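K.L.:
I'd like to go over a predicted model; first the sequence, then the structure.
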Amino acid sequence: MRRAIALGVGLALLGLLLPGSLAFKENEFKKCAQTSFCSRNRNVQQGANFEIVPASVTLNTATLTATLMNKQASKHLQLTLTAHADGFVRLLIDELPSVGRYQVPSDILVSGWETRKAAIKEESRSANGVVLVTGDTKLELNYAPFTLAVSVKGVPALQLNSRNLFNFEHRRPKQDSDPAGYWEETWMGHTDTKPKGPEAMSLDLVFPGFSHVYGIPERATSLSLKATNGNAPYGEPYRLYNLDVFEYLDDHPFGLYGSIPVMLAHKKGLTVGVYWNNAAEMFVDVVKGRDVGTQWIAESGVVDLFVFTGATGPAVLASYAKVAGTTALPQLFSLGYHQCRWNYKDEADVKAVDGGFDAHEIPYDVLWLDIEHTNGKRYLTWDSSLFPNPVAMQEDVASRGRKMVTIVDPHVKRDSSYYIFSEAESAGHYVKNKHGSDFDGWCWPGQSSYLDVTSPVVRNWWAQQFTTDKYQGSTKHLYIWNDMNEPSVFNGPEITMHKDNLHYGNVEHRDNHNLFGVYYHMGTADGLKLRGSQVDPENGDRPFVLSRAFFSGTQRVGPIWTGDNAAQWSHLKVSVPMLLTLGLTGLPYSGADVGGFFGNPDAELMTRWYQLGIYYPFFRGHAHLETQRREPWLFGPDVTARIRAAIRGRYALLPHIYTLFRAANTTGQPILRPLWFEFPEQEDLYAEEEEFMVGSSMLVKPVTAPSTFTVDVTFPQGSRWYDATTGAPVPPKTKTQRVEVNLNGIPVYYRGGSVVPRRERPRRSTAAQLADPYTLVVAADDKGEAEGQLYVDDGRSFAFQRGLYLHRDFKFSGNKLTSTKHVEPGVPDGTLTVPTTIERVVFLGLPAAKKGYKAVISDGVSGAKHTVALEAGPLSMAAAPDSTQALVLRKPDLPVSHDWTVEIVQV
């Protein structure tokens with residue numbers, strides 16, 4: 001959140017002047033050619049120097065070990081190849097343990113998978129190599145030069161070092177003849193000393209027969225990654241190095257606030273994934289031809305490569321989730337609408353905005369406060385002149401079922417009278433500079449220290465600061481926003497921390513840079529867990545902490561957003577592939593700021609952004625301090641009505657969205673999905689990024705350009721589709737349809753074969769919905785069948801982990817709709833019962849019947865039966881009353897908690 005407001009100190013130094021002069025400044029950031037470890041490895045063929053020593057190859061049950069020799073340097077490396085039962089193989093390459101190269105700490109990943117190994121069988125061995133088989137995966141290890149080929153079910157999936165681009169720089173003593181950049185590097189006046197010398201690695205990974213690869217966020221670019229050997233800006237490799245990037249461009253390979261070194265490749269019949277467990281700065285080149293060739297160059301660490309061979313997109317993500325973890329189940333309120341601005345200026349402003357939503361009958365759940373709420377940018381404090389009664393303010397907002405969020409950034413104002421600073425300084429909790437003194441950098445407060453959150457001790461101390469007795473003025477209704485946690489250092493190289501700074505364990509910042517944000521996020525979330533355990537010792541309180549920086553494992557902590565976007569149609573459009581990419585790399589709980597953070601959206605852009613934003617997993621409106629106020633009712637009555645309808649649409653869909661989050665929590669599957677993920681055999685969908693699926697049941701086509709009156713909607717083949725507003729079926733076998741659009745909505749469709757739960761009564765917040773009955777939309781496929789689920793728990797605590805939840809399966813087959821208990825292997829059975837009922841069942845796609853249909857309802861509790869007529873009517877309560885495309889079962893009063901059957905018969 002780099003902004004253009006003077007701090008009084010430091011901003012002249014930073015060149016952050018007037019808004020009109022601000023834009024993305026490429027010259028502030030390094031490119032590969034200006035980065036020694038990248039430039040000396042990019043496209044340089046050194047892989048032939050590496051050979052396996054044949055006599056060293058040893059195979060034990062699930063693991064192969066060998067010595068990998070760099071002939072040119074006469075250096076030996078250790079290679080370990082292990083097969084795991086969760087659908088992946090792991091390749092480790094390192095120097096001897098005594099060298100002490102950095103490895104990502106075990107708490108970034110989850111535990112358990114390490115011991116679940118799969119047997120490896122030796123198929124053949126020769127003087128040139130060995131062929132291994134584990135399950136459906138074949139591994140062909142060639143000795144000289146070192147290469148590894150992976151195939152799945154006989155189909156080539158991955159080749160390592162087939163282009164001789166592999167390299168592994170070993171530790172060495174300093175020599176006068178060493179090339180420039182080995183031991184020191186200077187950028188824009190900042191000198192990076194490198195006491196350990198060169199230790200970069202290059203991975204040469206080729207995906208044979210593939211044309212499309214996805215992943216390696218975060219950046220504003222296409223879903224299917226473009227080649228990086230083309231014209232500017234795509235002559236530059238993709239970069240993974242968490243940075244505070246001001247007003248980023250909408251089509252660029254440059255890396256942004258977070259990094260997940262995960263890539264998926266997909267072709268007809270096969271999906272494969274890779275994850276390099278490495279937190280250092282990394283560059284990735286992509287070259288496309290008959291195959292997709294990639295080169296991954298990291299500055300330090302080890303080769304710790306996971307290859308996921310599950311063969312399908314869902315299987316690959318499920319395997320990755322076994323390693324990095326699944327998405328934390330969020331509180332229900334956090335899936336509602338969030339209203340944010342830099343800054344709501346005082347308590348009166350908060351009261352007016354909160355009241356404005358009620359006055360205009362627009363639901364929302366969370367009101368946010370940015371940095372100006374603090375006492376001089378001292379986090380966990382309040383400006384007493386603007387917020388003299390923060391507890392009363394929060395309690396007032398909470399009385400209407402809502403929450404608040406305050407911002408807490410990782411830079412700590414260097415002020416001995418500020419208790420956070422002084423306590424942390426006394427305990428030695430700060431990141432050190434290369435000389436061993438507390439690092440002093442510049443950020444919003446001016447001179448700042450940075451908590452060394454890579455230390456478990458520091459994170460534990462930090463968590464204790466969030467209890468209500470420590471965080472004065474906070475309540476159980478207050479949640480947290482972590483910004484600037486890349487970390488952002490205004491006067492640092494590339495606006496971040498010096499690489500030769502020192503962390504816990506004497507680790508250089510260069511080694512763990514991309515972990516700083518997730519560790520800060522973890523510590524903050526642990527603080528809210530601690531607070532929750534004091535408020536509700538039995539069940540606790542699920543934390544809600546939004547982060548800007550991220551890495552693998554962030555999904556276990558909380559959501560992220562895509563940072564400082566702009567009020568431009570191009571940023572609206574690129575938000576879709578950005579969020580789809582995050583979902584494909586295990587981080588589905590994400591969103592983009594509705595309306596754009598910078599600039600002033602007009603009414604049309606604002607309307608279209610809300611109509612898309614209601615499908616973002618994280619749904620927040622946010623704006624820069626110097627933009628015009630843009631609360632949803634400030635664009636005139638017609639626009640207010642459209643935005644109200646959109647946000648109400650989000651709340652109606654929350655039962656479905658919450659159920660999808662439960663699936664993400666248990667299986668690692670994304671909320672938003674690219675079309676190819678659901679239709680993997682349809683090659684024309686592999687690069688489609690202007691449409692997406694919400695789960696497997698809904699297709700969304702945003703309107704991403706002004707003055708648009710028609711859009712072309714692509715319909716994946718093999719499914720029936722129904723207009724989600726009217727219920728009208730799309731003609732069978734339609735591949736593309738030109739659809740008329742107006743400002744009232746965007747094209748959305750139900751997929752045949754789906755049952756989607758909804759709650760349609762307009763309410764002010766999620767809390768006000770809790771007792772409301774449900775609607776089921778049953779969209780039949782070509783066989784007249786459909787299925788879906790509903791997940792319910794208390795929406796806030798950890799009680800679900802011990803079985804206090806309700807999970808139902810709905811199935812429509814043979815003209816019978818049934819509700820049965822959902823059972824999932826490895827998950828405790830749900831024991832929760834709720835008094836709510838299903839008040840409407842909407843059927844789409846039933847064959848025409850001369851005299852119509854009736855429903856014979858069998859209560860699974862008493863066994864009693866009764867009959868209700870189906871009537872032609874609107875799909876939803878919000879639809880026009882004269883819409884009659886659906887057949888509606890009204891007031892069947894079906895119990896959500898129990899089994900029942902509804903049989904549809906012709907009259």
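P.N.:
Perfect, I can see it now.

K.L.:
All the strands of the stretch 801-907 of the chain, residue numbers only.
P.N.:
Taking DSSP state E, counting those that start in this stretch as the criterion, the stretch 801-907 of the chain carries its strands at 806-813, 816-821, 837-844, 853-859, 865-869, 871-873, 886-895, 900-906.

K.L.:
For the third one, what is the distance to the chain centroid?
P.N.:
Between the mean C-alpha location of strand 837-844 and the chain-wide mean there is a distance of 32 Å, by Cα atoms, centre = their mean, to the nearest Å.

K.L.:
What residues of that strand count as buried?
P.N.:
Counting neighbours by 16 or more other Cβ atoms under 10 Å, one finds that the buried residues in strand 837-844 are 838-844. Heads up, the C-betas are built off the backbone N, CA and C, glycines and all.

K.L.:
out of the strands of the stretch 801-907 of the chain, deepest packed?
P.N.:
With neighbours defined by mean count of other Cβ atoms under 10 Å, none of the strands of the stretch 801-907 of the chain is more surrounded on average than strand 837-844, at a mean of 23.

K.L.:
could you dump that one to CSV, C-alpha only?
P.N.:
Coordinates of the C-alpha atoms in strand 837-844 are reproduced here as CSV (Å, rounded to 0.1, in the frame of the first residue of the first chain):
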residue,chain,number,x,y,z
THR,A,837,-35.7,-25.8,6.6
ILE,A,838,-35.7,-25.6,2.9
GLU,A,839,-38.5,-23.4,1.8
ARG,A,840,-38.2,-23.5,-2.0
VAL,A,841,-36.9,-26.1,-4.5
VAL,A,842,-36.4,-24.8,-8.0
PHE,A,843,-36.2,-27.4,-10.8
LEU,A,844,-34.6,-26.5,-14.1
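
K.L.:
Quick check: mean pLDDT of it?
P.N.:
With pLDDT averaged residue by residue, strand 837-844 scores 98.

K.L.:
How about stretch 665-674?
P.N.:
Model confidence over stretch 665-674 averages 98 on the pLDDT scale.

K.L.:
which residues touch that stretch?
P.N.:
Taking contacts as Cβ atoms under 8 Å, 6 or more residues apart in numbering, the residues outside stretch 665-674 that touch it are 214, 223, 314, 317-318, 320-322, 326-329, 579-580, 583-584, 586, 588-589, 615-617, 657, 660-661, 663-664, 677, 685, 688-689, 692-696, 824, 827.

K.L.:
So which of the strands of the stretch 801-907 of the chain is nearest residue 337?
P.N.:
strand 837-844 (23.9 Å; Cβ to Cβ).

K.L.:
Who are the packing partners of that closest one?
P.N.:
strand 774-779, strand 886-895 (3 or more Cβ pairs under 8 Å, 6 or more residues apart in numbering; DSSP states H and E).

K.L.:
Using TSV, please lay out those strands together with mean pLDDT and distance to residue 623.
P.N.:
Formatted as TSV, these follow (pLDDT from 0 to 100; distance: least, Cβ to Cβ, whole Å):
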stretch	mean pLDDT	distance to residue 623
strand 774-779	98	34
strand 886-895	95	39
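
K.L.:
Among the contacts of stretch 665-674, which lie within strands?
P.N.:
214, 692-694 (DSSP state E).

K.L.:
Would you reformat those as a markdown table and include pLDDT?
P.N.:
Listed next are these as a markdown table, based on pLDDT from 0 to 100:
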| residue | pLDDT |
| --- | --- |
| 214 | 99 |
| 692 | 98 |
| 693 | 98 |
| 694 | 98 |
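
K.L.:
Good, we can wrap up now.
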